[in-house]
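**Q** using only what follows, build the 3D model:
(one chain, ligands or ions: 2)
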Amino acid sequence: MLDVALKMINTISDNGYEAYIVGGFVRDYLMGKKSNDVDITTNAKPKELLDIFPTAVIDNADYGSVTVYFKDIRFEITTYRVEENYSDNRHPDTIIYVDNLDEDLKRRDFTINTICIDKFGQVCDKLQGKEDIGKRLIKTVDDPFVSFAHDALRILRAIRFATTLDFELDFLVREAIKENRYLLEELSFNRKKEELNKIFGSTNLIKGVTLIKDLELDSILKLDKIDKVKKCSQVIGVWTILEVDNIYPFTRNELKLMKDIRRALKENPLKVETLYKYDLYVCSVAAELLGISKKDIANVYSKMSIHKRGDIVIDTHDIIDYLKIEEGPIISELWDKLERAILNNEVTNDKKQLLSLVEKIYTKLSN
Ligand code: ATP
Ligand code: MG
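**A** Residues are numbered from 1 along each chain as shown. Ligands and ions are numbered 1, 2, ... in the order given. A predicted model of the protein is given here:
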């Protein structure tokens, strides 16, 4: 990945601009971790980058960065600039481009995110980021009280990096977070959710949850049930426990999953009826929350003769034809009993046997 990234910055350099790899990729590279994408910082402006990379997409005209895919790697190329969020009140949210790297690095959040790699593959570490990686420390570039006041998202980013990298927050970072925590209210729930997803999606999530509690961010984040959070391999499992369905933005699919997981929790996810009703994923998440092993649930699932209605060899038409009846509420009652009988191995999933059972059930129901 580094070789591809070096090619990218050399292409920018061949066009007469400066360019460095920066941010998460360099941090993760120095820690021997894999990155998903690469951030590049350059003095080329977005328009100039579009000339160099015709397939580039401007993410957001106000944000001043472009995205390029090269060899399946996502590159986020940002023009040297100073902080855009805190600009004086006359020009809020305008980007101020600058022409040197040092100024660009100073507007960044944490020292560990300021380390660069130049076009020769040399690491340049102007703000002692490597030292803080060595100390496993989250330290802001600027005075933390100023830094968090400028951009409250950094509060959540600090907790996110402490969680995913298993680093500690610098003493003053902790103090500044406590003092500025009320600023989190200004952030949209969308942005909060994006960061919280990264915290809850980490195998080290309990550290993040503990930090949220210790720094007393839970009530500002509306995470009143945070005490109940347990380790869960699925982010949706954590959100299910938090019960913030009406506060944070969720997709329809996420809302349905959370509802189903809660039902499966109540109905016992190890039961064949529950597994049949909600599917393996929902029951696996519910089982994990209950401390039931994946193996146990997979074992029950693999022994089930049917997993969904489609697995049953007869359908509603067969029933109607066989019984010579009209569609009606009795059909759904019939199905309930039939499904239960198959799941409990009282009948095999065979057309003849099923239809004969259907007849018996029907006779009982209509008497
Ligand atoms: P990852 O990509 O692994 O999630 P990252 O550190 O690369 O982590 P990005 O969101 O990709 O995070 O941002 C790239 C870089 O831009 C950061 O490393 C940091 O230098 C800078 N940056 C991002 N967000 C902020 C912010 N809110 N305030 C200051 N600098 C920021
Ligand atoms: Mg990044």
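
**Q** surely L49 touches A56?
**A** Yes - assessed by Cβ atoms under 8 Å, L49 is found in contact with A56 at 5.7 Å. Yep, even glycine has a C-beta here, placed from its N, CA and C like the rest.

**Q** now do the shared contacts for those two.
**A** Common neighbours of L49 and A56, counting by Cβ atoms under 8 Å, 6 or more residues apart in numbering, are 66, 68, 77.

**Q** what secondary structure does the last one sit in?
**A** Secondary structure for I77, judged by DSSP: H, G, I helix; E, B strand; the rest coil, is strand.

**Q** same thing with the second one?
**A** Following three-state DSSP, V68 is assigned to strand.

**Q** tell me the contacts of the closest residue to ligand 2 within the chain?
**A** Per Cβ to the ion, G24 is where the chain lies closest to ligand 2, at 3.5 Å. Residues in contact with G24, defined by Cβ under 8 Å, 6+ apart, are 35, 37, 39, 113.

**Q** now the third one, what's its secondary structure?
**A** Right, D39. Under three-state DSSP, D39 comes out as strand.

**Q** pLDDT score for it?
**A** For D39, the model assigns a pLDDT of 97.

**Q** how about the first one?
**A** Among the per-residue scores, S35 holds a pLDDT of 92.

**Q** tell me if I'm right that it and G23 touch.
**A** No - S35 lies out of contact with G23 (Cβ under 8 Å); the separation is 9.1 Å.

**Q** between those two, which one's more packed in?
**A** Regarding S35 and G23, a neighbour count based on other Cβ atoms under 10 Å identifies G23 as having more, with 23 against 17.

**Q** from E175, how far off is that one?
**A** From G23 across to E175, the span is 26 Å (Cβ to Cβ, to the nearest Å).

**Q** tell me which residues of stretch 99-106 are tucked away?
**A** Residues 101, 104-105 are the ones in stretch 99-106 that count as buried (16 or more other Cβ atoms under 10 Å).

**Q** hmm, that stretch in reach of ligand 1?
**A** No - remark: stretch 99-106 sits outside contact range of ligand 1, by Cβ under 6 Å from any ligand atom, the gap being at least 7.9 Å.

**Q** would you double-check that R74 falls in a helix?
**A** No - according to three-state DSSP, R74 belongs to no helix; its state is strand.

**Q** excluding its backbone neighbours, what's nearest it?
**A** Leaving aside its sequence neighbours, R74 sits nearest to D37 (Cβ to Cβ, 6 or more residues apart in numbering; 4.0 Å).

**Q** need the helix or strand of this structure with the lowest average pLDDT.
**A** Using mean pLDDT, DSSP states H and E, the weakest-scoring helix or strand in the chain turns out to be strand 57-60, at a mean of 80.

**Q** which residues are in contact with that one?
**A** By Cβ under 8 Å, 6+ apart, strand 57-60 touches 46, 50, 65-68, 76.

**Q** list the residues that contact E339.
**A** If you count contacts by Cβ under 8 Å, 6+ apart, then E339 has 276, 306, 309, 312 around it.

**Q** just the buried residues out of these, in PyMOL syntax.
**A** Only the buried entries of those go into this PyMOL selection, using 16+ other Cβ under 10 Å:
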select buried, resi 276+312
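
**Q** which of the contacts of E339 are close to ligand 1?
**A** Within the contacts of E339, nothing lies near ligand 1 by Cβ under 6 Å from any ligand atom.

**Q** restricted to helices, list the contacts of E339.
**A** Among these, the members found in helices (DSSP state H) are Y276.
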